[in-house]
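Q: Give me a 3D structure for the following:
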Amino acid sequence: MREDNKQKPTPQKTNVTKQRWFWPVIYASFSILLVAGVWGYSALTNSPKETGTSQLTATNDNNESPTVETNATAESVKYPFKEALLKDAKVIQDYYDVEANEQSREGALLVFNQTFTTSEGIAISVNGEGFDVLAALSGTVEEVKDDAFVGNEITISHSNGMTTKYSSVGDIAVKKGDKVDQGQVLGKAISNEYNPNAGTHLYFEVMQEGKHINPKSLLAF
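A: Residues are numbered from 1 along each chain as shown. Below you'll find the model as predicted:
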């Protein structure tokens with residue numbers, strides 16, 4: 001029997017790079033690797049770090065949270081006398097307002113020894129009788145001035161930038177540096193030598209940032 005000397009055909013090698021599916025697969029794999037790399041870098045850089053601010057918790061000796069006292073509501077100016085007296089209270093001398101009519105401006109002039117001065121507050125009388133003078137706002141007593149000529153003065157500063165002054169006051173019940181509450185008794189209305197025609201009264205002034213304002217703009221007289 002004769003051997004077959006014919007050689008079997010050698011299979012040709014396939015060029016993979018020329019296959020239609022090769023490059024799409026390469027591109028897809030590269031894209032997946034790129035997305036994974038970006039995600040990993042983002043996760044690394046966004047890991048929790050210490051910041052420049054921290055939350056502090058204050059404690060006291062009893063391990064209790066501290067209580068901070070605050071004014072829940074802002075005070076508004078109240079009458080410097082008991083509201084029960086409002087029906088009998090009268091402003092017998094007005095604040096001098098340069099924009100008021102001539103009659104009002106004349107009524108707001110204080111006269112002493114034929115010298116005219118403008119009124120920077122209002123004179124309040126209650127049937128010509130003495131009455132308790134009350135703090136119109138909570139604050140700190142800045143000055144207590146003993147002056148029989150003007151009937152003594154009490155000056156109080158307030159947290160809202162206001163200052164109130166009470167003149168023609170006797171039996172003064174506060175001193176410089178005292179903390180006073182709104183409605184607290186400061187003294188008693190009396191008469192004085194500077195404005196004797198007003199009789200027993202309180203001379204009440206209000207200042208905002210050091211500038212006088214009309215107290216009647218804050219109170220319903």
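
Q: which residue ranges form the strands in this protein?
A: For the chain, the strands defined by DSSP state E occupy 89-93, 109-112, 115-118, 122-126, 132-134, 139-145, 153-157, 162-167, 169-170, 179-180, 185-189, 202-208, 211-213.

Q: Would you mind giving the ones you listed as CSV with mean pLDDT, distance to Ser76 and mean neighbour count added?
A: (Glycine included, C-beta is placed from N, CA and C.) Below are these laid out as CSV (pLDDT from 0 to 100; distance: least, Cβ to Cβ, whole Å; neighbours: other Cβ atoms under 10 Å):
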stretch, mean pLDDT, distance to Ser76, mean neighbour count
strand 89-93, 94, 18, 18
strand 109-112, 77, 28, 13
strand 115-118, 82, 26, 10
strand 122-126, 96, 17, 22
strand 132-134, 98, 14, 22
strand 139-145, 97, 14, 17
strand 153-157, 98, 15, 21
strand 162-167, 97, 11, 22
strand 169-170, 96, 22, 21
strand 179-180, 98, 16, 16
strand 185-189, 98, 18, 21
strand 202-208, 97, 12, 22
strand 211-213, 95, 14, 14
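
Q: Just send these back as JSON lines, with distance to Leu219 too.
A: As requested, the strands of the chain are exported to JSON lines (distance: least, Cβ to Cβ, whole Å):
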{"stretch": "strand 89-93", "distance to Leu219": "9"}
{"stretch": "strand 109-112", "distance to Leu219": "20"}
{"stretch": "strand 115-118", "distance to Leu219": "20"}
{"stretch": "strand 122-126", "distance to Leu219": "9"}
{"stretch": "strand 132-134", "distance to Leu219": "12"}
{"stretch": "strand 139-145", "distance to Leu219": "17"}
{"stretch": "strand 153-157", "distance to Leu219": "16"}
{"stretch": "strand 162-167", "distance to Leu219": "12"}
{"stretch": "strand 169-170", "distance to Leu219": "18"}
{"stretch": "strand 179-180", "distance to Leu219": "18"}
{"stretch": "strand 185-189", "distance to Leu219": "16"}
{"stretch": "strand 202-208", "distance to Leu219": "9"}
{"stretch": "strand 211-213", "distance to Leu219": "11"}
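
Q: Out of the ones you listed, which is closest to Pro196?
A: With Cβ to Cβ as the criterion, Pro196 lies closest to strand 109-112 of the strands of the chain, at 9.2 Å.

Q: Neighbouring strands of the closest one in the sheet, and parallel or not?
A: Using DSSP bridges, the strands paired with strand 109-112 are strand 115-118 (antiparallel).

Q: For the partner strand, which outside residues touch it?
A: The contact list for strand 115-118 (Cβ atoms under 8 Å, 6 or more residues apart in numbering) reads 96, 108-110.

Q: pLDDT weak spots in the chain?
A: Scanning the chain for pLDDT under 70 picks out 1-73, 112.

Q: Fine, thanks again, bye for now.
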